[in-house]
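Chemist: let me see the structure of the following:
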Amino acid sequence: MASERRRGRPRDTGTDEAILDAAEGLLLRDGYAGLSMEKVAAEAGVGKPTVYRRWPSKATLVGDVTRRAALAAAPGTDLLAPPPGEAVESLVAWFRAYARTVADPRNGALVLALTAAAAGSPQDAESLYLGSTRDQHGALAALLRSGVAAGELRADTDVDAVVGALIGSSLYLLLTGRPDEAPDRAEGLVRALLDGVRTPRTPDAAVPHQRG
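Modeler: Below is the predicted model of the structure:
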């Protein structure tokens, strides 16, 4: 009976948030190396088993902390609903705003912690990356697909590859110690990538040369 009650008991979202808040504060203060499940439990005011029931490892906990922060800082979705034919310009605007969030020291520290978690837990690396970026990835992929549907981008565009390159390049600037460059370089990066998948424009009818 006790096991049945545990199985049917809903998760306490207040406890979840307390644990995430505690983990985020510790990451910002001590970094990934200084984080432990024991410290998180003590900071959140819960028992260590309570933390482990929700997150089986430090790496998965850091992944959810980073994803929550990314969702809170991400640019608004209003930039992702452009009129037909303006998918590229909308993406440029969104990505520049996204790059500014990556350059923020608080978000940067969490991304660095996520990278350390992935390096320390190779079996979780892919799921950590995908989990922390899937919301942005999904929104940008939908935008690019709308550009394909409108004929703005080529029909054979590998949407997922383009989005992965866009997000990954922003993280690369952070990890190489150049986060301040991310917003300014975002526009050139997006345009360079998307120039390769734009639908070629039909040239205007040639204008006869004037003879002198």
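
Chemist: can I see the domain layout of the chain?
Modeler: 9-56, 67-195 (automatic domain parsing).

Chemist: for these, which has the smallest mean pLDDT value?
Modeler: Note on these: lowest mean pLDDT is at domain 67-195, with a mean of 78.

Chemist: which positions within the lengthiest helix in the chain qualify as buried?
Modeler: Longest helix in the chain, counting residues (DSSP state H): helix 125-149. Applying a neighbour-count criterion of 16 or more other Cβ atoms under 10 Å, one finds 125, 128-129, 131-133, 136-137, 139-141, 143-144, 146-148 buried in helix 125-149. Yep, even glycine has a C-beta here, placed from its N, CA and C like the rest.

Chemist: for stretch 54-64, same thing?
Modeler: Under 16+ other Cβ under 10 Å, the buried positions of stretch 54-64 are 54-55, 58-64.

Chemist: mind checking which of the residues you listed are in helices?
Modeler: Those of those lying in helices (DSSP H): 54, 58-64.

Chemist: arrange those in TSV, one row each, with distance to residue 199 as further columns.
Modeler: Below are those laid out as TSV (distance: Cβ to Cβ, whole Å):
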residue	distance to residue 199
54	47
58	46
59	42
60	42
61	44
62	41
63	37
64	39
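
Chemist: which of those lies closest to residue 121?
Modeler: Closest approach between those and residue 121, by Cβ to Cβ: residue 59, at 4.0 Å.

Chemist: now do the contacts for the closest one.
Modeler: 117-118, 120-121, 124, 128 (Cβ atoms under 8 Å, 6 or more residues apart in numbering).

Chemist: one more: residue 154?
Modeler: Taking Cβ under 8 Å, 6+ apart, we find residue 154 in contact with 148, 197-199.

Chemist: swap the cut-off to 6 Å and go again
Modeler: Applying Cβ atoms under 6 Å, 6 or more residues apart in numbering to residue 154 gives the contacts 197, 199.

Chemist: run a quick neighbour tally on residue 17.
Modeler: 12 (other Cβ atoms under 10 Å).

Chemist: secondary structure class of it, three-state.
Modeler: Assigned by DSSP: H, G, I helix; E, B strand; the rest coil, the conformation of residue 17 is helix.

Chemist: ok so, going back, using ChimeraX, define a selection of the buried residues within the contacts of residue 59.
Modeler: Command for ChimeraX that selects the buried part of the contacts of residue 59, burial taken from 16+ other Cβ under 10 Å:
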select :117,118,121,124,128
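
Chemist: of all the contacts of residue 59, which two lie farthest apart?
Modeler: Farthest pair in the contacts of residue 59, by Cβ to Cβ: 120 and 128, 10.4 Å.

Chemist: residue 186 versus the spatially most central residue of the chain, what's the distance?
Modeler: Nearest to the geometric centre of the chain sits residue 133, at 3.1 Å (Cα atoms, centre = their mean). In this view, residue 133 and residue 186 are 16 Å apart by Cβ to Cβ, to the nearest Å.

Chemist: right, I'll call it a day here.
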